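Undergrad: Need a 3D model of the sequence below.
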Amino acid sequence: MTIDVATGIVRILKQEGVDWVSTFPVCRVNNALGREGVPMLMMRDDRYAVAVADAFSRITAGSRIGVCTFQGGVNAAGMQYAYAGMAQAYEDGSPVLCITDGVPAGASGNSQYDVASAMKTVSKWFGYLDKPERTPELMRRAFTMLRSGRPGPVILAIPNATATYDETADPYFPVKGWKSSPDPGDVRAAVDQLLGARDPLIYAGEGVIYAGASEELKALAELVNVPVITTLKAKGAFPEDHPLFVGVRGDQVAHYLNKSDLILAIGSSLSPGRFSHAIPNAAKKTIVHCNVDELHINKMYPTAHAVIGDARFTLQALRREVSDRTSGAGRTAGNVAAEVRAARDEALARYRQVMNSDEKPINPYRVYGDLMEVLDLRNSFVTHESGNTRDQLSTVFDTLIPRGFLGWGNVSTLGFSLAAAIAAKKAFPDRVSVAVTGEAGLGYMLGNLEVLLREKLGITVVHISNGGFAGYGPGFWGPGHDPFTHQVLGPNEVDMSTVIGALGFHTERVSEPGEVIPALRRALEVNASGRPAYIEFICCQYPVYGQWVGRGE
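TA: Residues are numbered from 1 along each chain as shown. This next block holds a predicted model:
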């Protein structure tokens with residue numbers, strides 16, 4: 001049966017379980033999506049089309065693949081705007097599928113912008129459909145890349161969506177994806193080091209979430225009685241009410257990173273980026289690096305032992321080896337849980353104090369503490385914005401389930417919190433979904449707020465409104481960091497609750513600490529009927545949060 005390329009792609013997407021596609025017009029595959037009955041979530045710009053699909057893949061840990069389309073081809077204006085979203089997905093390792101128009105053969109001279117070269121810099125794999133009959137092949141390769149190995153974005157460029165081929169000549173079957181188990185010898189060597197260490201520490205990364213290995217991580221940590229820290233992106237991979245959980249950042253994390261003589265890294269690249277820890281005195285520590293990708297072994301620090309394989313299979317193998325050697329008794333090492341609790345209590349004392357503060361303007365930590373009180377932390381989703389809300393929330397917000405909180409960083413595009421909240425609502429419609437933003441992030445998301453109304457997405461945007469801008473460094477805003485580029489219109493000049501309320505959102509402007517909880521509850525009640533909410537909390541500028549070890553102040 002002869003069909004056109006666009007229709008073939010869409011039918012394959014349906015076979016692969018894709019229920020919807022995010023987009024910003026125009027892409028030549030979109031009409032086929034409409035004809036074949038695949039809903040399109042139309043965003044208001046190309047970057048957000050990528051961001052929502054990216055966040056969906058992250059939140060579902062790749063069990064459901066986010067797919068987006070955007071304009072490409074010779075007039076690659078949409079692709080150029082989407083580039084920022086793809087760069088973030090690539091840097092953070094998100095398995096998102098991006099479909100765009102390819103440059104037709106012989107037309108590359110019409111533009112100075114080299115599409116293929118640009119796209120290859122922000123993708124795990126770039127596929128160019130040079131012949132229509134290769135449609136099934138390239139789709140198989142795309143989903144193989146998306147479901148196997150280290151996660152990352154895949155881009156498909158379609159130069160001629162109306163070209164035809166015989167779909168019966170190469171029938172498509174859904175791609176399973178493949179995972180590998182670690183070498184038993186490497187597992188034995190890792191356990192030798194782990195059981196011989198005086199002060200071991202588990203450093204868990206996002207690979208644990210993608211492998212669906214949170215229970216295995218918990219089981220190993222309890223068996224070997226070892227404290228656990230997680231990366232920002234892995235926040236929630238280990239339950240944060242567990243006695244062995246140290247934290248993501250802060251003084252208590254610095255204490256354990258410094259005192260450890262062995263670091264068992266699982267599912268983390270250990271790359272010391274902008275929003276992660278360096279390993280202090282790395283040359284004097286034993287680093288056992290468990291990762292799905294050999295690219296990161298011996299990348300920044302000397303690796304004593306590497307265990308290459310899927311995080312779940314690796315954790316299972318490590319646990320079996322420890323259990324066999326200790327007859328199931330595990331490792332005893334004093335009162336580790338009590339020491340962890342004491343370190344956490346000391347480090348978090350100043351944050352817990354301001355979580356209950358009645359000061360005005362409202363302390364942002366009061367908002368975070370009250371948000372934790374209002375939410376069912378086992379049935380909700382919260383994400384931060386790029387900037388201080390990321391730093392503050394990742395210091396104190398308790399995350400009890402994988403992807404109950406989405407942490408993100410590295411190449412950080414402002415406004416991503418809105419895309420993440422939309423994706424969370426699409427992934428888990430029954431969960432409360434909250435995006436916490438500051439001034440700069442809100443400015444980036446304004447154009448896409450209409451999407452929530454059109455799609456009837458009951459999401460709450462929490463705005464820490466304090467007039468802050470360019471908010472890093474000594475002195476926070478203004479002198480001490482960026483004295484020439486920090487002044488914007490703040491809450492004293494603009495009432496954003498009125499502005500956004502005019503769109504049709506439920507909005508409130510809250511300046512009394514005692515009104516934080518009632519306002520949040522009203523917003524969540526409105527969300528239940530599919531209406532979005534925006535709450536502007538008039539807050540003080542409070543540049544206090546846990547630091548990254550080795551990153552300075």
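
Undergrad: In a strand, Glu536, correct?
TA: Yes. Using DSSP: H, G, I helix; E, B strand; the rest coil, the assignment for Glu536 is a strand.

Undergrad: hang on, it packs against Gly490?
TA: No. With contact defined as CB atoms under 8 Å, Glu536 does not reach Gly490; the gap is 11.2 Å. From N, CA and C alone the C-beta is placed, and that goes for glycine too.

Undergrad: how about the longest helix along the chain: buried residues?
TA: In the chain, assigned by DSSP state H, the helix with the most residues is helix 336-355. Neighbour counts over helix 336-355 (16 or more other CB atoms under 10 Å) mark 336, 339-341, 343-344, 347-348, 351, 354-355 as buried.

Undergrad: go on, stretch 222-242?
TA: By neighbour count with 16+ other CB under 10 Å, stretch 222-242 contains the buried residues 222-240.

Undergrad: and it, how far from the chain's centre?
TA: 17 Å (CA atoms, centre = their mean, to the nearest Å).

Undergrad: Just the buried residues of stretch 222-242: which are in strands?
TA: 228-230 (DSSP state E).

Undergrad: Now tabulate those residues in JSON lines and tack on distance to Ala304 and pLDDT.
TA: JSON lines is the format used below for these (distance: CB to CB, whole Å; pLDDT from 0 to 100):
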{"residue": "Val228", "distance to Ala304": "19", "pLDDT": "98"}
{"residue": "Ile229", "distance to Ala304": "19", "pLDDT": "98"}
{"residue": "Thr230", "distance to Ala304": "21", "pLDDT": "98"}
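
Undergrad: Looking at these, which is nearest Cys68?
TA: The closest of those to Cys68 turns out to be Thr230 (CB to CB; 28.2 Å).

Undergrad: so who does the nearest residue to that closest one once chain neighbours are set aside touch?
TA: Nearest residue to Thr230, sequence neighbours excluded (CB to CB, 6 or more residues apart in numbering): Ala204, at 4.7 Å. Applying CB atoms under 8 Å, 6 or more residues apart in numbering to Ala204 gives the contacts 217, 228-231, 234, 237-238, 266-268.

Undergrad: Repeat that for Met139.
TA: Neighbours of Met139 in contact, by CB under 8 Å, 6+ apart: 9, 12, 16, 156, 172.

Undergrad: any idea which helix or strand comes after the helix or strand hosting the fourth one?
TA: Right, the one you point to is Leu156. Element membership for Leu156, per DSSP states H and E: strand 154-158. Going down the chain from strand 154-158, the next helix or strand is strand 164-166, by DSSP H and E.

Undergrad: circling back to that earlier point, nearest to Asn258 among the contacts of Ala204?
TA: Ranked by distance to Asn258 (CB to CB), the contacts of Ala204 are led by Ile229 at 12.0 Å.

Undergrad: can I assume the closest one is in contact with Pro200?
TA: No. Counting by CB under 8 Å, Ile229 stays clear of Pro200, with 11.9 Å between them.

Undergrad: related to what we said a few turns ago, including distance to Lys124, could the ones in strands among the buried residues of stretch 222-242 go into TSV?
TA: Below are those laid out as TSV (distance: CB to CB, whole Å):
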residue	distance to Lys124
Val228	29
Ile229	27
Thr230	24
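
Undergrad: could I get the contacts of Ala204 as a markdown table with distance to Thr498?
TA: As requested, these are exported to a markdown table (distance: CB to CB, whole Å):
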| residue | distance to Thr498 |
| --- | --- |
| Leu217 | 46 |
| Val228 | 45 |
| Ile229 | 43 |
| Thr230 | 40 |
| Thr231 | 39 |
| Ala234 | 39 |
| Ala237 | 40 |
| Phe238 | 42 |
| Ile266 | 49 |
| Gly267 | 45 |
| Ser268 | 44 |
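
Undergrad: Was I right to think Val175 contacts Glu137?
TA: No. The criterion here is CB under 8 Å, and Val175 misses it with Glu137 at 11.5 Å.

Undergrad: Do a quick rundown of the helices in the stretch 101-250 of the chain.
TA: With helices called from DSSP state H, counting those that start in this stretch, the stretch 101-250 of the chain shows them at 115-120, 135-147, 184-196, 207-210, 214-224.

Undergrad: residue ranges with poor pLDDT in the stretch 301-450 of the chain?
TA: Counting by pLDDT under 70, the stretch 301-450 of the chain contains no low-confidence segment.

Undergrad: ok, now with 80
TA: For the stretch 301-450 of the chain, the stretches flagged by pLDDT under 80 are 333, 410-412.

Undergrad: Okay, helices next: where are they in it?
TA: 311-326, 336-355, 364-374, 388-396, 416-427, 439-445, 449-455.

Undergrad: To Ser529, which of those lies closest?
TA: Set against Ser529 and scored by CB to CB, the helices of the stretch 301-450 of the chain come closest in helix 449-455, at 12.5 Å.

Undergrad: what helices or strands is that closest one leaning on?
TA: Helices and strands touching helix 449-455, as assessed by 3 or more CB pairs under 8 Å, 6 or more residues apart in numbering; DSSP states H and E, comprise strand 40-42, helix 416-427.

Undergrad: Return the most buried member of those.
TA: Mean neighbours per residue, mean count of other CB atoms under 10 Å, is largest over the helices and strands packed on helix 449-455 for helix 416-427, with a mean of 27.

Undergrad: Could you check how far that one is from the centre of its chain?
TA: Distance, stretch centre to chain centre, for helix 416-427: 10 Å (CA atoms, centre = their mean).

Undergrad: wait, is Cys68 part of a strand?
TA: Yes. The assignment for Cys68, made by three-state DSSP, places it in a strand.

Undergrad: what's near enough to touch it?
TA: Applying CB under 8 Å, 6+ apart to Cys68 gives the contacts 21-23, 49-50, 52-54, 96-99.

Undergrad: gap between it and Tyr368?
TA: For Cys68, the distance to Tyr368 equals 31 Å [CB to CB, to the nearest Å].

Undergrad: Same question for Val462.
TA: Where Tyr368 is concerned, Val462 sits at a distance of 9 Å (CB to CB).

Undergrad: what residues are shared contacts of those two?
TA: With contacts taken as CB under 8 Å, 6+ apart, Val462 and Tyr368 have Val436 as neighbours in common.

Undergrad: just checking, what packs against the lowest-mean-pLDDT helix or strand in the chain?
TA: Taking mean pLDDT, DSSP states H and E as the measure, helix 115-120 is the helix or strand of the chain with the lowest mean score, a mean of 87. Here helix 115-120 touches helix 77-92, strand 125-128, strand 154-158, going by 3+ CB pairs under 8 Å, 6+ apart.

Undergrad: What residues of that helix count as buried?
TA: Those would be 115, 118-119, for helix 115-120 by 16+ other CB under 10 Å.

Undergrad: how about the residues you listed in TSV, adding distance to Pro302?
TA: What follows is the buried residues of helix 115-120, written out as TSV (distance: CB to CB, whole Å):
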residue	distance to Pro302
Val115	40
Ala118	35
Met119	35
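
Undergrad: Can you check what angle separates the helix or strand harbouring Ile99 from helix 77-92?
TA: Using DSSP H and E, the element containing Ile99 is strand 97-101. Angle of strand 97-101 versus helix 77-92, following axes from the mean of the first three to the mean of the last three CA atoms, to 10 degrees, is 160 degrees.

Undergrad: Could you list the paired strands of strand 97-101 along with their orientation?
TA: Here strand 97-101 is paired, per DSSP bridges, with strand 67-70 (parallel), strand 154-158 (parallel).

Undergrad: out of the ones you listed, deepest packed?
TA: strand 67-70 (a mean of 30).

Undergrad: Just want the angle from the strand holding Leu156 to helix 135-147.
TA: If you take the same axes, to 10 degrees, strand 154-158 sits at 160 degrees to helix 135-147.

Undergrad: any residues touching strand 154-158, and which ones?
TA: Among residues not part of strand 154-158, those counted as contacts by CB under 8 Å, 6+ apart are 5-6, 9, 28-29, 72, 86, 95-103, 115-116, 119, 122-129, 138-139, 142, 145-146.

Undergrad: Right, I'll call it a day here.
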